[in-house]
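S.K.: the amino acid sequence is not available; the structure is as follows:
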């Protein structure tokens, strides 16, 4: 996600940057790399995860907080290693915040992660004015300089948010290409070339509780994995996803990632819950063990911890006066008592057999596994034929039975099962059972396609659909709902199911166009052709017509840019509002280079900011926040003006 800088302000940044450039030039030698460490925190002594098998880290601003080493043993600069922060003006490099974080990590022997090389936000505004060839040269130079300056970097977020944040200059990296993600592959190839000693990671948000997005993410990861380019997976785990999950959901998600056989890093964890101290602590107690105890997770990084200096209000767990909130008190106690976590795998399932078959399905049963803590489920593997081929996972079960449907009649398959526990440890596989589906006498006839698909209603965050029922020779059991982005292009992915002829897809973005299709499924697993396609746009906002106010805060600024965070929208009416629109004017020559928690549109110098799904509904006196970063001409100190807020 886009992050605004923390409260540790950049002071005299332009002067520092120019003098540093004058001394060392753009190609800084390693000998001139780490010369300014005056703002480092005191050496660390008693971190929460000291002696554990995985780290528990946090982010820094342009200096390291004095109590950082009391809690954390891994460092990620929140903004200081983003390209737009380092090189806001071409060829003038500001490494001060990155140096502070790197020096502290080196001094204390803790992992330092560089966040990030390639991202569709908070990149230098001047990059957009270059040719593709020039952009490519600048990208390579950016990576080379970073890894020369910080040779002991533990890991790098090579590409941040490849799915969620469009990259305007991806053509310089090969564009979509034959794989659909050639620009990501090229980014990792360059990072491997210039940074051979660092772990190369990818990072994304929104995959935690959205399986279709997670499947797209896994597709990208597998493209990198087959080429030997990726060393780990970053899942951001922000509050707008995690607050809506429990430990079981976290474990299920991590088990899915574990199938990729790569290390997983929880990269930007924060929790708000119901916006109370007790609620935040309860949610930490619910979901954090799911992350911390999972065998695939090798480290957890929180995205801020000091109240008043985190990117989103309500995520801090240490008050600004140094006192600890309930979540921090619990977190210290919990991690201290966990040891290395559960590393003992369950026993292998036994007695696997095919209990029944049809022309299109095989039903399986087996004897339960045992585990020192507890078995949470089973993974079902299938291979084609009586021999040869590769076993791949085709499903999961929380019981000791499973039916694999949608198979081909008169065809032989082999099956295995393995158990999974709450920590993500997997057992050895069971015995192998060979089973053949019955001849074509079973039901192989697909239902008719649903018809007359139409939108029956929209809000700023949802689309309701209705359609005419399909028919089937045996009987329709349900419908699969598919969605694609925009009015054209993109890929349809399944976003839900329904046993009726209606469905509401919620959690969408305001003022956004989507396309929908529906297909029917029968008891034998046969699926129909898809229905007609309906194109629908969510509303721009809505609610009771209540009033709102906007209070922007300039969090940090330098000669060629600034960050507004938080821009706080407050419901000033007596009724709940379900959407808001903020407008403001940028000074001449200023341009938006990144934004977060909002959908921005720009017309000339007029900017319109609308809510996203998680911050549009505000009770009376409640508030939500967003932020943005702007580039400006060198020495121009003007800021946006003319802010207005409306709730349609």
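M.R.: Perfect, thanks for sending it. Since the structure is predicted, the reported quantities are computational estimates derived from the model, not experimental observations.
S.K.: now the end-to-end length of stretch 347-360.
M.R.: This stretch, stretch 347-360, spans 31 Å end to end (CA to CA, to the nearest Å).
S.K.: contact partners of stretch 381-401?
M.R.: 252, 255, 259, 349, 355, 363-368, 376-380, 402, 404, 412-418, 429, 434 (CB atoms under 8 Å, 6 or more residues apart in numbering). In this view, the C-beta of every residue, glycine as well, is placed from N, C-alpha and C.
S.K.: at 7 Å instead, please
M.R.: Contacting residues not belonging to stretch 381-401 are listed as 259, 363-368, 377-380, 402, 404, 412-416, 429, 434 [CB atoms under 7 Å, 6 or more residues apart in numbering].
S.K.: in helices, which of those residues fall?
M.R.: Secondary structure defined by DSSP state H assigns none of the contacts of stretch 381-401 to helices.
S.K.: mind giving me the ChimeraX command for buried ones among these?
M.R.: With 16 or more other CB atoms under 10 Å as the burial test, the buried ones among the contacts of stretch 381-401 are selected in ChimeraX as follows:
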select :363,364,365,366,377,378,379,380,402,404,413,414,415,416,429
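S.K.: gap between residue 286 and residue 371?
M.R.: Shown here: residue 286 relative to residue 371, a distance of 21 Å by CB to CB, to the nearest Å.
S.K.: same check on residue 346?
M.R.: Separation of residue 346 from residue 371 (CB to CB) stands at 4 Å.
S.K.: out of these two, which sits in the busier spot?
M.R.: residue 346 (23 against 20; other CB atoms under 10 Å).
S.K.: helix or strand for that one, which one?
M.R.: Using DSSP states H and E, residue 346 sits in no helix or strand.
S.K.: residue 628 and residue 91: what is the separation?
M.R.: Noted for residue 628: a distance of 25 Å to residue 91, by CB to CB.
S.K.: should've said residue 60
M.R.: On the measure of CB to CB, residue 60 and residue 91 end up 26 Å apart.
S.K.: next structured bit after the lowest-mean-pLDDT helix or strand in the chain?
M.R.: Lowest on mean pLDDT, DSSP states H and E among the helices and strands of the chain sits helix 13-24, with a mean of 33. As assigned by DSSP H and E, the chain's next helix or strand after helix 13-24 is strand 55-60.
S.K.: strand partners (parallel or antiparallel) of that next one?
M.R.: Using DSSP bridges, strand 55-60 pairs in its sheet with strand 75-77 (parallel), strand 297-302 (parallel).
S.K.: can you put those in CSV and add mean pLDDT?
M.R.: Rendered in CSV, the data for the strands paired with strand 55-60 read as follows (pLDDT from 0 to 100):
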stretch, mean pLDDT
strand 75-77, 97
strand 297-302, 97
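S.K.: who touches both of residue 346 and residue 371?
M.R.: With the criterion set as CB under 7 Å, 6+ apart, the overlap between the contacts of residue 346 and residue 371 is residue 421.
S.K.: picking that back up, who has more neighbours, residue 628 and residue 91?
M.R.: Summary of the neighbour comparison: residue 628 and residue 91, criterion other CB under 10 Å, with residue 628 having more neighbours (27 against 11).
S.K.: which phi and psi values does the nearest residue to that one once chain neighbours are set aside adopt?
M.R.: If you skip the residues right next to it in sequence, residue 628 has residue 595 as its closest partner in space, 4.0 Å away by CB to CB, 6 or more residues apart in numbering. Recorded main-chain torsions at residue 595 are phi -150, psi 160, according to degrees, to the nearest 10.
S.K.: go ahead and confirm residue 595 touches residue 630.
M.R.: No - the pair residue 595 and residue 630 does not pass the contact test of CB atoms under 7 Å, sitting 9.6 Å apart.
S.K.: what's the single longest helix in this protein?
M.R.: Longest helix in the chain, counting residues (DSSP H): helix 132-149.
S.K.: what packs against the helix or strand following that one?
M.R.: Moving toward the C-terminus from helix 132-149, the first helix or strand encountered (DSSP H and E) is strand 155-160. Using 3 or more CB pairs under 7 Å, 6 or more residues apart in numbering; DSSP states H and E, the elements in contact with strand 155-160 are strand 113-119, helix 182-194, strand 199-204.
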